[in-house]
Every structure is written in structure tokens, then in C-alpha cells.
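> Take this sequence and fold it.
(one chain, ligands or ions: 2)
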Amino acid sequence: MLQPLKILFRTNWMSRSYSSYVSRMRYLNRIKEDDEVCQTALQSGDIFLFHKLAPLLQQTGSGIYQFPALQAEDVKGILENLGEDKEMMKDSVLINCTKQNKAQFCLDVGSIEQSAVENLCGGTFIDLRKAFFLLREPEAPLASRGQALLRWHQTNVFCSSTGQPTHRNQSGSQRVCLSSGITYYPKMSPVVITLVSDGKRCLLGRQATFPQGMYSALAGFCDMGETMEETLCREIAEEVGLEVESIRYSGSQHWPFPQSSLMVACHATVNPDNTQIRLDTMELEDARWFSLEEVQEALKIKTPPRKNEGQPTVFWVPPNHAIANRLIQEWANQLQP
Ligand SMILES: NC(=O)C1=CN([C@@H]2O[C@H](COP(=O)(O)OP(=O)(O)OC[C@H]3O[C@@H](n4cnc5c(N)ncnc54)[C@H](O)[C@@H]3O)[C@@H](O)[C@H]2O)C=CC1
Ligand SMILES: [Mg+2]
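Ligands and ions are numbered 1, 2, ... in the order given. Take a look at the predicted model:
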């Protein structure tokens with residue numbers, strides 16, 4: 001009797017007149033939680049290939065890079081063609097679901113010879129740090145999410161309490177240790193990124209590791225137990241010695257580098273009578289107040305400027321893939337007459 005009920009439940013909730021977004025989110029959740037539903041979805045899903053965490057990209061005739069969704073059947077064909085076990089498909093990890101309710105998975109084929117897969121797929125595996133900036137929305141965040149999930153599985157193979165192997169569910173949304181009973185979920189580290197303004201200027205900083213001339217909004221990881229606001233105020237006090245007066249939320253972004261961070265972007269103001277920067281040189285190489293005109297010039301620079309000998313270093317800001325650029329753009333837009 002259980003089986004018909006289960007089938008009834010599955011078809012019933014899919015046929016009810018939810019909004020398409022709601023039904024898609026409910027379907028995605030079912031795939032995440034129910035191994036059988038996931039196995040069925042995997043048979044006809046989109047598969048995005050990675051090789052040792054580098055996504056497979058294809059280039060169109062006009063030089064545009066794409067993040068190709070391969071059909072599950074085609075991936076099985078590739079595996080067979082290379083003498084690999086089709087069971088490898090079960091290592092796929094659920095990333096998302098398309099608007100047409102098609103499940104999307106990522107699969108790392110790092111155990112197979114890279115060029116053999118590239119030749120069969122007509123693509124190239126490219127390190128995410130480069131691929132991320134070659135792709136456009138929504139492929140860049142999809143590739144980031146896929147790589148972050150695959151990385152998480154590759155680095156959470158053992159239980160941190162018992163040292164025993166952990167076991168994943170079919171979708172890869174969790175891993176569990178059968179002896180400790182601990183369930184592990186993929187994690188992002190929360191980071192607050194802040195554009196500080198004194199009303200006329202904005203404050204940007206740079207770490208020594210940043211490319212030459214690039215300044216960005218100030219960022220910092222949340223310490224255990226902190227609220228976002230506490231992290232923001234602490235990081236601005238720590239890094240540039242200023243006290244924040246007001247905070248306004250702007251948006252958020254998954255940032256895969258170096259590990260997965262959840263960037264929470266905010267605008268903040270400081271008292272215009274107290275703008276003296278006292279730099280924490282342990283954290284930052286430099287931090288400065290920039291005028292609207294300087295920022296508008298920097299926003300026009302779309303690729304890292306070449307350093308010409310004897311020429312002054314050109315000030316530029318992170319590209320629009322990074323949420324820092326959005327904060328800086330928002331600040332400039334609200335200030336320009
Ligand atoms: N998407 C964007 O627009 C931008 C992203 N970022 C990212 O924000 C993150 C934080 O920026 P930072 O100024 O470097 O942070 P931060 O100001 O907190 O300093 C980094 C320090 O945080 C500690 N730390 C490192 N990983 C941590 C973790 N997972 N949890 C808690 N503490 C940790 C370490 O002591 C490290 O030295 C970086 O990963 C950076 O890639 C930074 C600027 C722009
Ligand atoms: Mg910082």
C-alpha cells in the first residue's frame with residue numbers, strides 16, 4: 001500500500017496549481033531529500049563536468065565561453081567510450097533545477113585522463129579562478145556552486161569526530177557518519193563586505209595580494225556568535241580605525257574564492273568630522289578616501305590595466321562579477337547629480 005501512496009504523493013504535489021517557481025523549488029527539494037526521486041531525475045538531468053574542480057568550458061565560434069550542460073545519456077556514452085564504469089554517474093551532485101524542471105548536476109571526472117574527456121566533449125577544463133571571469137551570468141555562479149559542492153565532498157570524506165568515512169545521500173546535499181550519527185551539510189563562511197562613505201567620498205582598501213592598483217570595499221569574516229552588524233562595525237574599526245554610524249543592506253553573493261564565502265554587502269556611513277584613517281597594516285597595504293570622479297573613472301576600466309614603466313599606477317576596482325563592484329556602482333549612482 002505504501003508504494004501507491006508515495007507515487008500518489010509525488011504526482012499529486014507536482015500536478016497541483018502552484019506557481020511555477022514554487023513547484024520548481026518543491027521539486028528541487030524532493031530531489032535533494034529523496035534518493036529515488038534523485039536517481040530518476042539524474043537519468044534525464046543536465047550534467048556539468050569538472051576535472052579536479054576545474055569546470056569544462058566550450059568556446060563558440062565568436063569566442064564566447066560557455067559552461068555546457070551535457071545530457072546524462074551523453075555523459076554515460078563518454079564514460080563507456082573511455083572504458084569507465086557508468087556507475088560513476090552516481091557521484092554526480094545536485095546543483096539546481098532549470099525553469100523547465102530539469103535537474104542540474106555536476107560531476108568531477110578527475111580520475112579520467114583530462115585530454116581524453118576534452119577531446120570527446122570539444123571543450124577545455126579551466127581553473128575556476130579564470131573560468132569564473134570568462135563566463136557570464138547565470139553560468140558563472142552555477143559553475144561556482146558546482147565547484148564548491150564538489151570541493152566540499154572531496155574535503156569532508158571523514159567524520160571530524162570519529163575519523164570514520166562519511167556517506168553521502170544521492171543528491172549530495174549531505175554526508176553522514178554512521179557511527180557518530182553526525183550529519184554534515186555543505187557550508188559557506190559568512191563575510192560582510194562594506195562600502196564606507198562620509199557622504200561625499202567612499203573608502204576603499206587593498207591587500208598586498210590584490211593586483212596592482214586595485215582597491216576594493218572592506219571585507220571580513222564573521223566571528224562565531226557575531227551578528228552581521230557586529231562584524232561590519234568590528235572589521236571597519238580593525239582595518240581602518242573608524243566607527244560606523246549607519247548601515248544599509250545591499251545584497252549578497254556566493255564567493256567561491258578561496259573557500260566558499262557568503263558575501264553580505266552593505267553600505268555604511270561614518271561621521272564626516274571623523275574620517276582620519278588609521279590603517280591596520282597587518283591586514284591592509286593601503287586604504288584611501290576616493291572622490292566620485294575618481295570612482296567613476298575606475299568603473300570605466302573593464303580589464304586590469306597594464307603597468308607601464310615610469311607611469312603612475314592606475315586605480316581600478318573589482319570587475320562586475322564581484323559584489324564589491326555593485327556596492328561601488330550603487331554608491332556612485334546615488335551620488336551623481
Ligand atoms: N566578492 C567580492 O567582491 C570580494 C570578496 N572578498 C572575499 O571576502 C573574504 C574575506 O575578506 P578578507 O578581507 O580577507 O577577510 P578578513 O578581513 O576577515 O581577513 C582575513 C582573515 O580572516 C581569517 N579567516 C580566513 N578564513 C576564515 C573563515 N572561513 N572564517 C573565519 N575567519 C577566516 C584569517 O585569519 C584571515 O587572515 C575573502 O575570502 C575575499 O576573497 C573580499 C573583497 C571583495
Ligand atoms: Mg578584510
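> Out of the helices and strands in this structure, which is least certain?
When each helix and strand of the chain is scored by mean pLDDT, DSSP states H and E, helix 2-15 comes last, with a mean of 44.
> Summarise which helices and strands the helix or strand that that helix is followed by is packed against.
The helix or strand immediately downstream of helix 2-15 is helix 20-33, counting by DSSP states H and E. Packing partners of helix 20-33 (3 or more CB pairs under 8 Å, 6 or more residues apart in numbering; DSSP states H and E): helix 2-15, helix 35-43, strand 93-97. Any C-beta I mention is one placed from the backbone N, CA and C, and that applies to glycine too.
> Could you give me the buried positions within the lengthiest strand in the chain?
Using DSSP state E, we find that the single longest strand of the chain is strand 244-255. Within strand 244-255, the residues that count as buried by 16 or more other CB atoms under 10 Å are 244, 250, 252, 253, 255.
> which residue sits closest to the second one in space, ignoring its chain neighbours?
In this case it means residue 250. Excluding the flanking residues, the one nearest residue 250 by CB to CB, 6 or more residues apart in numbering is residue 265, at 4.4 Å.
> The one you found is in contact with residue 323, isn't it?
Yes. Counting by CB atoms under 8 Å, residue 265 touches residue 323, with 4.8 Å between them.
> intersection of neighbour lists for these two?
193, 250, 251, 252, 253 (CB atoms under 8 Å, 6 or more residues apart in numbering).
> Let me have the residues you listed in JSON lines, extended by distance to residue 180.
Below are the shared contacts of residue 265 and residue 323 laid out as JSON lines (distance: CB to CB, whole Å):
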{"residue": "193", "distance to residue 180": "36"}
{"residue": "250", "distance to residue 180": "40"}
{"residue": "251", "distance to residue 180": "38"}
{"residue": "252", "distance to residue 180": "32"}
{"residue": "253", "distance to residue 180": "34"}
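> near ligand 1, from the residues you listed?
Restricting the shared contacts of residue 265 and residue 323 to those near ligand 1 by CB under 6 Å from any ligand atom leaves 193, 253.
> a markdown table for the shared contacts of residue 265 and residue 323, including pLDDT and distance to residue 271?
Listed next are those as a markdown table, based on pLDDT from 0 to 100; distance: CB to CB, whole Å:
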| residue | pLDDT | distance to residue 271 |
| --- | --- | --- |
| 193 | 98 | 21 |
| 250 | 98 | 21 |
| 251 | 98 | 26 |
| 252 | 97 | 27 |
| 253 | 97 | 29 |
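> Tabulate the shared contacts of residue 265 and residue 323 (CSV), appending distance to ligand 2.
Shown next, in CSV, are the shared contacts of residue 265 and residue 323 (distance: CB to the ion, whole Å):
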residue, distance to ligand 2
193, 9
250, 17
251, 19
252, 17
253, 16
